[in-house]
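Enquirer: compute the structure for the input listed below.
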Amino acid sequence: QVQLVESGGGLVQEGGALRLSCVGSGRDFSEYAMAWFRQAPGKEREFVAGISWSGTSTYEVDAVKGRFAISRENWKSTAYLQMNRLKLSDTGVYYCAAADGPYMEYNGGRYNFNHWGQGTQVTVSS
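Expert: Numbers count the residues shown, from 1 in each chain. Sure, this is the predicted structure:
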């Protein structure tokens, strides 16, 4: 069983930056893909970015492309989400998630991320 713990959230002004971290335990961190999701108030949780087990393959949704970057350091069992040029619309609870395997998969309308952290709040103010 994978346990995930996020940190790094907080309150930041529009245009600012934050870096979220997610530490994994309970299983070899290099065995699985990782992702970040977010949930804005009153909205469903949405996929933000994903990264393969080795870090060589990454994907960010259009809404954050060019502003956010996902990365990982397997020797630290840690994944990151660097968030730059933050917008009000980036406000929400950010969750890291682990896949069951080394690569992201999307089938039947859902991703293969089945292990979740508790979330960290990101609030962007004007």
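
Enquirer: quick one: contacts for the closest residue to K43 other than its chain neighbours?
Expert: Closest residue to K43 apart from its sequence neighbours, by C-beta to C-beta, 6 or more residues apart in numbering: G92 at 7.7 Å. Any C-beta I mention is one placed from the backbone N, CA and C, and that applies to glycine too. Going by C-beta atoms under 8 Å, 6 or more residues apart in numbering, G92 touches 38-41, 43, 121-122.

Enquirer: filter the residues you listed down to just the ones in strands.
Expert: 38-39, 121-122 (DSSP state E).

Enquirer: can you pull the pLDDT of the residue nearest to Q1 when sequence neighbours are not counted?
Expert: Excluding its sequence neighbours, the residue lying closest to Q1 (C-beta to C-beta, 6+ apart) is G26, at 5.2 Å. For G26, the model assigns a pLDDT of 93.

Enquirer: G26 against V5, yeah?
Expert: No: with contact defined as C-beta atoms under 8 Å, G26 and V5 do not form a contacting pair (11.0 Å).

Enquirer: so who does the nearest residue to F68 once chain neighbours are set aside touch?
Expert: Residue nearest to F68 in three dimensions, not counting chain neighbours: M83, with 5.1 Å by C-beta to C-beta, 6+ apart. Taking C-beta under 8 Å, 6+ apart, we find M83 in contact with 17-20, 64, 67-68, 90, 122.

Enquirer: any idea which of these is closest to D100?
Expert: Nearest to D100 among the contacts of M83, counting by C-beta to C-beta, is L20 at 22.1 Å.

Enquirer: I'm done for today, thanks for sticking with me.
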